[in-house]
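Asks: Sharing a sequence plus its predicted fold:
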Amino acid sequence: QQPVQSPQAVILREGEDAVINCSSSKALYSVHWYRQKHGEAPVFLMILLKGGEQKGHEKISASFNEKKQQSSLYLTASQLSYSGTYFCGTAPLGNEKLTFGTGTRLTIIP
Amino acid sequence: NAGVTQTPKFRVLKTGQSMTLLCAQDMNHEYMYWYRQDPGMGLRLIHYSVGEGTTAKGEVPDGYNVSRLKKQNFLLGLESAAPSQTSVYFCASSYQDAYEQYFGPGTRLTVT
């Protein structure tokens, strides 16, 4: 069962902040975040593991609420290069395979 | 390192024709995956492999077959293409399950 992402799309001005949410109906082992630019392959951003800490690099960070089976991706002071579609992938407990959400399209305008 | 490569990049098939998509990785990864991506649907897992000589079904396996005769290669076959198989196909690999996945550039397939 696919995780649910929200919002489906968001438009921001350069420098604004964004939050993308991902929720699952199953108990999770890990949550992955990927970004895909138009016409390109998805590129890995980060993994959050059950029992792990909040992760991040530069101005992109994420959190994982194990009790609620939810994760959020935070983009701070967005740059034009952040534009693209963001996918979360969830790996439930029990060794099931990664399942991707339908994506959140982020557009950054100058 | 080339990472993950896919051939061909584009292909047009007529209904009923067959074809094989090739995925190759040079990172010595055990796990390899085939996904299809359709507008509004995200990435859906077709088949995967946990090592040379092994394959398993994913979420949407019908109409596809796969083989992993060599660790570095993962082939996706369509025996009798249907218009519903028009999609962009991505191959990916990872060191272990639930680890970071590295994606190939994709193959855009159109079935008429």
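Replies: Done, it's in.

Asks: element containing the most centrally placed residue in chain B, please.
Replies: Centroid-nearest residue in chain B: B:Trp34, 3.0 Å away (criterion: C-alpha atoms, centre = their mean). If you go by DSSP states H and E, B:Trp34 is part of strand B:31-38.

Asks: Tell me the helix or strand right after that strand.
Replies: strand B:42-49.

Asks: Next one: that next one, is it in contact with chain A?
Replies: Yes: for strand B:42-49 and chain A, the contact criterion (C-beta under 8 Å from any C-beta of the partner chain) is met by B:42-45, B:48. Placement of C-beta: from N, CA and C, glycine included.

Asks: between the residues you listed, which has the most around it?
Replies: B:Leu43 (28 neighbours; other C-beta atoms under 10 Å in any protein chain shown).

Asks: Okay, that residue and B:Phe103: tell me how far apart.
Replies: Distance, B:Leu43 to B:Phe103, by C-beta to C-beta, to the nearest Å: 9 Å.

Asks: again with B:Leu45
Replies: From B:Leu45 to B:Phe103 the distance is 13 Å (C-beta to C-beta).

Asks: Could you tell me which residues touch both of B:Leu43 and B:Phe103?
Replies: A:42, B:90 (C-beta atoms under 8 Å, 6 or more residues apart in numbering or on different chains).

Asks: in which helix or strand would I find the nearest residue to A:Ser83 once chain neighbours are set aside?
Replies: Excluding its sequence neighbours, the residue lying closest to A:Ser83 (C-beta to C-beta, 6 or more residues apart in numbering or on different chains) is A:Ile108, at 4.8 Å. If you go by DSSP H and E, A:Ile108 is part of strand A:104-109.

Asks: Now that strand: buried residues?
Replies: Across strand A:104-109, burial judged by 16 or more other C-beta atoms under 10 Å in any protein chain shown covers A:104, A:106, A:108.

Asks: and which of these is nearest chain B?
Replies: Nearest to chain B, judged by C-beta to the nearest C-beta, of the buried residues of strand A:104-109 is A:Thr104 at 10.5 Å.

Asks: gap between the nearest residue to B:Thr112 once chain neighbours are set aside and B:Asn65?
Replies: Closest residue to B:Thr112 apart from its sequence neighbours, by C-beta to C-beta, 6+ apart: B:Lys14 at 5.8 Å. B:Lys14 sits 19 Å away from B:Asn65, going by C-beta to C-beta.
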